[in-house]
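S.K.: pasting the structure only:
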């Protein structure tokens with residue numbers, strides 16, 4: 001059976017590219033790292049690295065073992081974090097960071113249940129774009145985050161999908177795009193696009209620019225007002241635009257090609273090292289957020 005020290009040396013060597021680099025990262029002598037891996041190879045009966053070149057290269061067996069080793073180490077970290085949490089006083093503050101495009105009005109109606117179960121809890125709410133919410137949770141500035149799904153999350157984050165939100169391609173009823181059916185997507189490129197952005201300016205699937213003329217905002221309410229004023233076309237969560245659609249301040253862009261609207265997954269995320277009992281209660285309540 002491989003030990004935690006052996007698995008750590010194995011993973012760090014793969015990530016660092018050499019035994020010496022792994023030793024520096026782990027604060028050990030190179031011989032100790034090499035010995036851990038040799039012992040692991042003896043214990044498993046497998047050669048994990050090809051050492052014939054200047055740098056060790058994973059063998060086929062090593063490649064197959066790597067994800068399992070990472071899973072064991074991740075679980076070991078979680079165990080240590082849980083032990084630490086059980087031995088400390090309950091944290092009485094919970095910070096929820098929310099993407100403003102997510103329909104969170106129902107959350108207010110769910111909060112009394114959280115208040116009953118955790119009467120001493122101090123709540124804080126932050127609003128930001130989804131990418132900025134992710135960073136807030138990574139930095140542990142927020143206990144949990146409510147965001148539009150990212151394809152890949154850092155290993156330090158846990159996530160759960162709650163449901164979907166519909167986005168629509170919208171424009172002012174007075175805008176040229178509202179006056180005629182667009183035959184192809186290049187018609188949109190002739191007009192300014194209004195795009196959601198993060199403070200870190202990271203481009204993701206939900207803030208991809210299609211037009212060469214782009215204005216950015218870090219929340220959907222600003223995009224809504226810009227679109228209503230005729231400054232360009234944009235993709236907005238349908239629930240935010242309902243009133244503007246009813247009053248004909250906005251309309252769906254008439255198009256003949258495939259629609260640019262989509263159903264966006266909504267995830268709740270939290271840092272795996274943050275152990276707050278109220279977080280579990282909140283996640284349970286959030287599962288009802290997007291239910292009809």
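M.R.: Alright, I've got the coordinates. As the structure is a prediction and not an experimental result, all values here were calculated from the model.
S.K.: Spell out the residue ranges of the strands in this protein.
M.R.: For the chain, strands defined by DSSP state E occupy the ranges 49-50, 57-58, 93-99, 122-128, 144-148, 157-172, 193-196, 214-217, 233-237, 250-252, 263-271.
S.K.: Looking at the ones you listed, which one is packed in the most?
M.R.: Highest mean neighbour count of these: strand 144-148, a mean of 26 (counted as mean count of other CB atoms under 10 Å). To be clear about C-beta, it is placed using only N, CA and C from the backbone, and glycine gets the same treatment.
S.K.: between the strands of the chain, which gets nearest to residue 41?
M.R.: Closest to residue 41 of the strands of the chain, according to CB to CB: strand 49-50, at 8.2 Å.
S.K.: Redo the strands of the chain as a markdown table? Include distance to residue 116.
M.R.: Below are the strands of the chain laid out as a markdown table (distance: least, CB to CB, whole Å):
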| stretch | distance to residue 116 |
| --- | --- |
| strand 49-50 | 56 |
| strand 57-58 | 53 |
| strand 93-99 | 15 |
| strand 122-128 | 13 |
| strand 144-148 | 19 |
| strand 157-172 | 22 |
| strand 193-196 | 36 |
| strand 214-217 | 38 |
| strand 233-237 | 30 |
| strand 250-252 | 40 |
| strand 263-271 | 20 |
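S.K.: Including distance to residue 68 and mean pLDDT, could those go into TSV?
M.R.: As requested, these are exported to TSV (distance: least, CB to CB, whole Å; pLDDT from 0 to 100):
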stretch	distance to residue 68	mean pLDDT
strand 49-50	16	90
strand 57-58	13	91
strand 93-99	33	90
strand 122-128	36	90
strand 144-148	29	92
strand 157-172	20	90
strand 193-196	39	91
strand 214-217	43	91
strand 233-237	40	91
strand 250-252	49	92
strand 263-271	24	90
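S.K.: Nearest residue to the middle of the chain?
M.R.: Nearest to the mean C-alpha position of the chain, counting by CA atoms, centre = their mean, stands residue 150 at 4.5 Å.
S.K.: quick one: that one and residue 135 touch, right?
M.R.: No: using CB atoms under 8 Å, residue 150 is not in contact with residue 135; the gap is 11.2 Å.
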